[in-house]
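Chemist: 3D, please:
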Amino acid sequence: MKNNVKGKIRNKNKKYVNIIILLLFTIILFLVIVQKVETKKIDVKVGDIAPFEIRATKEIEDKIATEQLKTRVANNVEPKYRLSPSVQMTMKQNIKEFFNKVRKLKADESLTFNEKIEVLGEESRILLSKNEYYIALKLSDSKLDAFENTLYDLINQIMGAGIKEEDLEYEKNNIEKIFETMDLSENEKQLGIAILTNTIQPNKFIDEEATKRKKEEEIAKIEPVIVKEHEVIVRKGDVIDSHALYLIKESGLLKEKEGCDKRTVVGVIILIALLQIIIFGYIHLFNKEVLEGNKLLILIIIITTIILICEGTYNISPFIMPVSAAALLIAILIDIRLSLIVNIFIIFILSLMFKLEDALIAMYLVSGSIGAYMATKRQQRYNILMNGLIMGIFNILTIISFGLIKKLELMELIGKSGYGMLNGLFCAILTIGTLPIWENVFKVVTPLKLLELSNPNQILLKRLLLEAPGTYHHSIIVGNLSERAAEAIGADPLLARVGAYYHDIGKLKRPYFFKENQLGMDNPHDKLDPRTSALIIINHTKDGIELAKEHNIPKEIIDIIAQHHGDTMVAYFYHKALKEKESNEVNVKDFRYPGPKPQTREAAIVMLADSTEAAVRSIKEPNKNKIEDMIRNVIRGKFEDGQLEECNLTFKDLNIIADSFVSVMAGIFHERIEYPKLELEKEKGES
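Modeler: Next up, the predicted model:
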């Protein structure tokens, strides 16, 4: 009852501690994100001097530069022209009317010559001087006809190529030059120049529709002007113009309000809340063990530390941020599936902070996932470095795939690929370098730590081999049994094996008081009373705990040492005590281990393996049937004694454990080949 009350108080306190940790994590995460989003913003306006070099935070379209380029291209397009035939026809018609009027007046005898000049000046559409009218009226009919035809030929010649408005004066001057080269009298030249210069009109006009279409075609060829990520917008000391201010604003760098933008603050809070609901909801549903011990604190520290390291390395290159180190560490220290969730969580946060491009997001998703998958095969620390190398290769493949899609230049692709390989190695080195911190400061038992503890050169195991060889070999067999059984039921085989190696280290204090170490020796228990003997035997768990703590053995192993006998009875000495004294004088509690009973499946497996090995070793002439019967009896006895009540083993698990024990023990106690007696005697004689 007292233990239950203490357990409830401990759980309640742990709950409050977890809430405080989560609140601190939320505050830190909020401050990191907000300061990254807000402090990057610059309070500048047109005409200010740039306080530092300002670069684009992302790839943006420079709409102003694009429009300027389009305008320049449109202005450079040569206008399309069309000829107006009506202008030439009108000119010829006016000249024809003029000469017809001249012919009519010449034939009219009722008017004097001067009157004819006056009438011609009044009725002619071509305005000439009186002298020029005079010249026209003086021309003979044959010359008049020839002169008229000459003018028509000149009109066809001049107007055929077309005359623009701006070229009209040039063409008038050109007419004078043309007449100077012609075989005509001076009067005829004067008249011809006057008629044409007064009738000539532009007949080549801009075709608005055709010109517009041409401009649209040229504008359509224009690619948008793109300012690439990290490209300089304005250099330190330069004057900020409207164009630069526009780019600063488009990059999200322009601070438009004093203090933190309330919308940004609310948005960040909501986003953090949603992300935490996902990650901690997953923990609550599928990884509740994270909420126990130091695992939640470790998780929070890893996430926060990696985000802060990424913030520092981003300025070197976004491609070397050690995002995947978090996935590797969490996969090794806590859980592989949780590491995948955390990897996505960190990538989401960093993409918000740095507006990461799609290639980076993809690279970190792939790299983190590969790292988590490979963490299942972490048998040695150098394997983590190999994992980093493989992660680097996958980084390169991801970068190349996006580079091909986006048609990046070869040198840019090579540069990014180099950073991708460095990223994988950096993550591996960071993981290897920090693992001892997590293992020692937070007392986390990693598979790598367990492998180190299983090394026969470890101090306690070496002492066990030299000082208690029987116990050592017993522990090795128990380790093999435990590992096989744990693997069969889905428990932690490495923890079970290492726990078995250390479960009897308490016997180092008095090795010769234990049967397996008494080869060729008298049994010291024969000289002791049963209660003292039982106390010595029972105390080997207590001695083992003290020895383990002295050598900084992890808590999980210490728990197995403490629990591998549960509160079972030292039956031999109890029954011996009953024989020596009256039964009512013997207190059964003096002959029971203090417990606790096994709390984990691994501790229960070590208990069963320990009893099984000792029991099977006692069988005379062992065979498979005898071994199996003995193993199942041992397991049944532990179950009926209530030793397996608190370890979450099912009947199915017990049956699988029994089968696993049988297969191992049958292999150890296999039948020997009986050599012929004669051969043995012969060998003796020869020796």
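Chemist: all contacts plus neighbour counts: C-alpha atoms, from now on.
Modeler: Will do.
Chemist: So which residue is smack in the middle of the protein?
Modeler: Per Cα atoms, centre = their mean, the C-alpha nearest to the average position across the chain is that of Tyr364, at 2.4 Å.
Chemist: got the contact list for the helix or strand harbouring that residue?
Modeler: In the assignment (DSSP states H and E), Tyr364 maps to helix 358-374. By Cα atoms under 8 Å, 6 or more residues apart in numbering, the list of residues contacting helix 358-374 from outside reads 318-319, 323-325, 327-328, 331, 336-337, 339-340, 343-344, 347, 351, 387-388, 391-392, 394-395, 398-399, 402, 424.
Chemist: Over to stretch 540-557?
Modeler: 443-445, 495, 498-499, 502-507, 509, 558, 561-562.
Chemist: Tell me which two in these are the farthest apart.
Modeler: Val444 and Lys509 (27.6 Å; Cα to Cα).
Chemist: who has more neighbours, these two?
Modeler: Val444 (22 against 16; other Cα atoms under 10 Å).
Chemist: Report the contact partners of the closest residue to Tyr574 other than its chain neighbours.
Modeler: Using Cα to Cα, 6 or more residues apart in numbering and skipping residues adjacent in sequence, the residue nearest Tyr574 is Phe591, 6.0 Å away. Contact analysis of Phe591 by Cα under 8 Å, 6+ apart lists Arg531, Ala534, Leu535, Ile538, Met569, Val570, Ala571, Phe573, Tyr574.
Chemist: Now the host helix or strand of the first one: buried residues?
Modeler: In this assignment (DSSP H and E), Arg531 forms part of helix 530-550. Residues 530-531, 533-548 are the ones in helix 530-550 that count as buried (16 or more other Cα atoms under 10 Å).
Chemist: Thought Pro79 was touching Phe205, still the case?
Modeler: No - taking Cα atoms under 8 Å as the definition, Phe205 is not a contact partner of Pro79, at 9.5 Å.
Chemist: And the helices in the stretch 401-550 of the chain?
Modeler: For the stretch 401-550 of the chain, the helices defined by DSSP state H, counting those that start in this stretch occupy 410-441, 447-453, 459-467, 469-489, 493-502, 530-550.
Chemist: quick one: the fifth one to chain centroid distance?
Modeler: The chain centroid and the centroid of helix 493-502 are separated by 37 Å under Cα atoms, centre = their mean, to the nearest Å.
Chemist: re earlier: going by distance to Tyr134, which of the contacts of stretch 540-557 wins?
Modeler: Val444 (123.2 Å).
Chemist: So the residue lying closest to the closest one once chain neighbours are set aside versus Leu299, what's the distance?
Modeler: Spatially, and ignoring its direct neighbours in sequence, Val444 is nearest to Trp438 (6.2 Å; Cα to Cα, 6+ apart). Remark: distance between Trp438 and Leu299 (Cα to Cα, to the nearest Å) = 11 Å.
Chemist: For the helix or strand harbouring Val119, name the packing helices and strands.
Modeler: Val119 belongs to helix 113-123 when assigned by DSSP H and E. In this structure, helix 113-123 makes packing contacts with helix 85-107, helix 130-138, judged by 3 or more Cα pairs under 8 Å, 6 or more residues apart in numbering; DSSP states H and E.
Chemist: any idea which of those is most buried?
Modeler: When these are scored by mean count of other Cα atoms under 10 Å, the highest mean neighbour count falls to helix 130-138 (a mean of 18).
Chemist: Okay, domains of this structure per the record?
Modeler: Annotated domains of the chain cover 2-37+262-438, 81-206, 449-668 [automatic domain parsing].
Chemist: got the ones you listed as TSV, with distance to Glu53 and mean pLDDT columns?
Modeler: Conversion of the domains of the chain to TSV gives the following (distance: least, Cα to Cα, whole Å; pLDDT from 0 to 100):
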stretch	distance to Glu53	mean pLDDT
domain 2-37+262-438	14	86
domain 81-206	48	86
domain 449-668	49	91
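Chemist: Ok, which of those domains comes nearest Leu247?
Modeler: domain 2-37+262-438 (16.1 Å).
Chemist: Relative to Thr112, which of the contacts of Phe591 is nearest.
Modeler: The nearest member of those to Thr112, counting by Cα to Cα, is Ile538 at 160.5 Å.
Chemist: Quick check: phi and psi on Ala327?
Modeler: phi -60, psi -40 (degrees, to the nearest 10).
Chemist: That one: what's it in contact with?
Modeler: Counting by Cα under 8 Å, 6+ apart, Ala327 touches Ile336, Ser339, Leu340, Val342, Asn343, Gly368, Ser369, Gly371, Ala372.
Chemist: Can you tell me how far it is from Leu350?
Modeler: Ala327 is 15 Å from Leu350, by Cα to Cα.
Chemist: Show me the helices in the stretch 201-350 of the chain, by range?
Modeler: 208-220, 242-250, 262-286, 295-313, 323-333, 336-354.
Chemist: thinking again about what came up before, more neighbours: which of Trp438 and Leu299?
Modeler: Leu299 (20 against 16).
Chemist: Show the contacting residues for the more buried one.
Modeler: By Cα under 8 Å, 6+ apart, the neighbours of Leu299 are Ile330.
Chemist: How much space separates it from Leu435?
Modeler: 13 Å.
Chemist: Skipping adjacent residues, who's closest to Gly566 in space?
Modeler: Closest to Gly566 by Cα to Cα, 6+ apart is Lys597, at 3.8 Å.
Chemist: Now do the end-to-end distance for stretch 287-302.
Modeler: Stretch 287-302 has an end-to-end distance of 17 Å (criterion: Cα to Cα).
Chemist: Can you point out the buried residues in it?
Modeler: Asn287, Val290, Leu291, Lys295, Leu296, Leu297, Ile298, Leu299, Ile302.
Chemist: how about the fourth one, what does it touch?
Modeler: It stands for Lys295. Here Lys295 is in contact with Glu289, Ile334 (Cα under 8 Å, 6+ apart).
Chemist: if you set the cut-off to 10 Å instead, what comes out?
Modeler: Neighbour list for Lys295: Glu289, Ile301, Ile330, Leu333, Ile334, Phe442, Lys443, Val444 [criterion: Cα atoms under 10 Å, 6 or more residues apart in numbering].
Chemist: Gly237: neighbouring residues, count only.
Modeler: Count around Gly237 with other Cα under 10 Å applied: 12.
Chemist: Retrieve the pLDDT associated with it.
Modeler: Looking at Gly237, its pLDDT reads 82.
Chemist: I figured it was touching Phe52, is that so?
Modeler: Yes - judged on Cα atoms under 10 Å, Gly237 makes contact with Phe52 at a distance of 7.0 Å.
Chemist: and the nearest residue to Ile300 once chain neighbours are set aside, what helix or strand is that in?
Modeler: Leaving aside its chain neighbours, Ile300 sits nearest to Phe25 (6.6 Å; criterion: Cα to Cα, 6+ apart). Using DSSP H and E, the element containing Phe25 is helix 2-38.
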